[in-house]
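> curious how this folds, go ahead:
(one chain, ligands or ions: 1)
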Amino acid sequence: MVLSPVLGKLVSKRVVLASASPRRQEILTNVGLRFEVVPSWFKETLEKSSFAAPFEYAVETARQKALEVANRMHVKHMRTPDVVIGADTIVSVDEQILEKPVDKQDAYRMLSRLNGKEHSVFTGVAIIHCHSKDSKLEMEITDFYEETKVKFSELSEELLWEYIHSGEPMDKAGGYGIQALGGMLVEYVHGDFLNVVGFPLNHFCKKLAELYYPPSKHNVQHKKYDSIPSVDTFENLSDGESESSNFTEHKGASKLDSSGKHSSGGVYTSENSSGVRTGFTVPLENQNGVSQRPPEVPSKILELMDGFRASKALLVASKLKIFDHLKHKGPLKAVDIANEIGTSVCGTERLLDACAALGLLEKTPQGYGNTDSVNTFLTSDGEYSLHGYIIHSNDHLWPLFTNLESAIKEGSRQNHRAFGKKAEDLFKDYYHSQEGKQCFMAAMHSIARLTARDVATAFDLSRFKSACDLGGCTGALARELVQIYPNLKVTVFDLPEVIANISYFQPSGQHTAPVTFVSGDFFKDKLPEADLYILSRILHDWPDEKIHVLLSKISALCRPGCAILLAEMVLDDEKKNRSTALLQSLNMLVQTEGKERSGSEYQALLEQHGFTNVKIRITGNLLDVILCVKT
Ligand SMILES: Cc1cn([C@@H]2O[C@H](COP(=O)(O)OP(=O)(O)OP(=O)(O)O)[C@@H](O)[C@H]2O)c(=O)[nH]c1=O
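As a prediction, the model looks like this:
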């Protein structure tokens, strides 16, 4: 293969792709590169106004992503990679930088700005060569960027919203994916298509060729480049080229220490797409160009192996209300926190350090402080707090999951093992005490708050006049619905012991249209009449037999045109891609008789009860949404 000499240079190296982007993984896998994926924890929050041009922002973000992974892997003993690749794709229109949309409105804003116009897509790439010397990390960085121009057709509002509701825009810069549905929006592309998708493969290969087979010195001195620099013939290269099997020195570079700062007398290469080289490099391989390193355990496996430790650190820090204390009194030293919460200083300090290394806390000379996302999601009083679900995870799901092995062997729930109770009805277990009830309701409430907007807006529900949220618990989704659809009357139907405890979860001082609460058991009691029945995170609790009981009751009440809205984590039909949903299905195994299901499985269940025209929206967030209409 013509490209193999250049990619072959990476075969014996431990290559890490510092990116969670499935597109980047696919592009590099497709050309036969073998690598591990270690997504970067670097937050894409560099101050955009401090960069003279958009591409500089993309390059610096790519560098920081790769540096974070290189440093993190080095700290975790013996796991220093040889090469770390980071990338960042941005869309630039009218001098503004667009990254991934935060919600559907944001996607709409972005796509409206791109509508009918030409824009640029820049991908910045950083290639870091690492080596450990006296257990210190030394790095040589090469970076570059690629620009592609893309023009959108004139698109109608309806089309934009249809595209947004497909869920595709949410994890993509500029809010579109040219490789899939988004391709239909595009009139022309000038430049490297794969650069738009997320990785400029051509420029990357040329860069590698240049690093591993640099041109002779007299060429370097006199050549000027327009776009992509000097190595225009990497197809001709073979492994036999003697001068070039190592990095060769280039003038004007600097070495980075593990913080990513330049230090004197080092090695660092950098180049932009105008081809101005500012660095030099030193050899990394032995004389034969072959690394002696034995195969190492892939970092993904190690991360999965240790994953429960990180989970438990998060759960315990939440349970001990460390994040609450830091929100109100931080920054605090370990000893002060230990005194506040009555724990050992040595244990507390280790937990705080672990949380800081996991990116949850900031550690400064003044002490430990919460990061912004911890203040939003992990403190107990935040509007979108996950605290309720975290306590439920610590107190209920964790003991259940420790019995996963038995659950797999027996194919059934494990409450009796985890809590010493015989397996009764799921909700009888949760609601046996006032504390258990409130804990479970708080858990459901926190997920409902976080997902309500997505669920309520996945489809246009404005034609419905009345809705009944079966098992709607604290009414979090119901309240979102009445805000978005002021003409919709929503009734929440849930067990009497739930309805008796909802007052704690009602927002104070908010003037929303009222939601009605009716108590009853949806398997046994008469259901309220409605045009739209909502089942959010309900069907996954039950086996097919029970679902048929419930759906036939709903169907009997529905006239043609009435509908069911389901919110669940929907598995892909092959059950091989959505790991969060597949793990959630294990979660259902250990505690219920239910499971997560695929789109076709839900469709089959619904169609048996006369609900057709089944539409599925994969939101890309926690819950996906299905709408079907009675015919
Ligand atoms: C314009 C466009 C972008 N993308 C994706 O947009 C993400 C950009 O975000 P990023 O911050 O560069 O990367 P990420 O996905 O957050 O991953 P990470 O590298 O871990 O930061 C990347 O995924 C790209 O493929 C497409 O898939 N198709 C397109 O047409």
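> H396 contacts T592, correct?
No. The criterion here is CB atoms under 8 Å, and H396 misses it with T592 at 11.8 Å. For glycine as for every other residue, the C-beta is placed from the backbone atoms N, C-alpha and C.
> any idea how far C558 lies from L527?
Separation of C558 from L527 (CB to CB, to the nearest Å) stands at 10 Å.
> for the closest residue to the ligand within the stretch 151-300 of the chain, which non-adjacent residue is closest in space?
Relative to the ligand, the nearest point of the stretch 151-300 of the chain is G198 (2.7 Å; CB to the nearest ligand atom). What sits nearest to G198 in space, not counting adjacent residues and going by CB to CB, 6 or more residues apart in numbering, is R23, at 4.2 Å.
> what residues does the stretch 1-150 of the chain have near the ligand?
Within the stretch 1-150 of the chain, the positions adjacent to the ligand are 19-21, 23, 39-40, 44, 65, 87-89, 91, 100, 121 by CB under 6 Å from any ligand atom.
> check which helix or strand the residue nearest to G198 maps to.
helix 22-30 (DSSP states H and E).
> contacts for that helix?
Outside helix 22-30, the residues that touch it by CB atoms under 8 Å, 6 or more residues apart in numbering are L17, S19, F35, V37, I85, A87, Q179, L194, V197, G198, F199, L201.
> try 7 Å
By CB atoms under 7 Å, 6 or more residues apart in numbering, the list of residues contacting helix 22-30 from outside reads L17, F35, V37, A87, Q179, L194, V197, G198, F199, L201.
> please verify my assumption that L33 contacts L10.
Yes. When contacts are counted by CB atoms under 7 Å, L33 is listed as touching L10 (6.4 Å).
> distance from stretch 126-140 to the middle of the chain?
28 Å (CA atoms, centre = their mean, to the nearest Å).
> please identify the buried residues of that stretch?
Applying a neighbour-count criterion of 16 or more other CB atoms under 10 Å, one finds A126, I127, I128, H129, C130, L137, E138, M139, E140 buried in stretch 126-140.
> got it, and stretch 189-209?
Here stretch 189-209 shows 189, 191-209 as buried, counting by 16+ other CB under 10 Å.
> now do stretch 577-589
Quick answer for stretch 577-589 (16+ other CB under 10 Å): R578, A581, L582, Q584, S585, L586, N587, M588, L589.
> phi first, then psi, for the spatially closest residue to the second one that is not a sequence neighbour.
Of all residues not flanking A581 in the chain, M569 sits nearest, at 3.8 Å (CB to CB, 6+ apart). In this entry, M569 is assigned phi and psi values of phi -80, psi 120 (degrees, to the nearest 10).
> closest one to the ligand out of the buried residues of stretch 577-589, please.
R578 (16.5 Å).
> contacting residues around that closest one?
L571, D572.
> the residue of the stretch 151-300 of the chain closest to the ligand reaches I90, doesn't it?
No. Taking CB under 7 Å as the definition, G198 is not a contact partner of I90, at 10.9 Å.
> state the distance from P528 to G420.
Distance of P528 to G420, computed by CB to CB: 38 Å.
> near the ligand, which residues of this protein are found?
Residues of the chain lying near the ligand (CB under 6 Å from any ligand atom): 19-21, 23, 39-40, 44, 65, 87-89, 91, 100, 121, 171-174, 176-179, 182, 196-198.
> show me the shaky parts of the stretch 101-250 of the chain.
Applying pLDDT under 70 to the stretch 101-250 of the chain flags the ranges 215-250.
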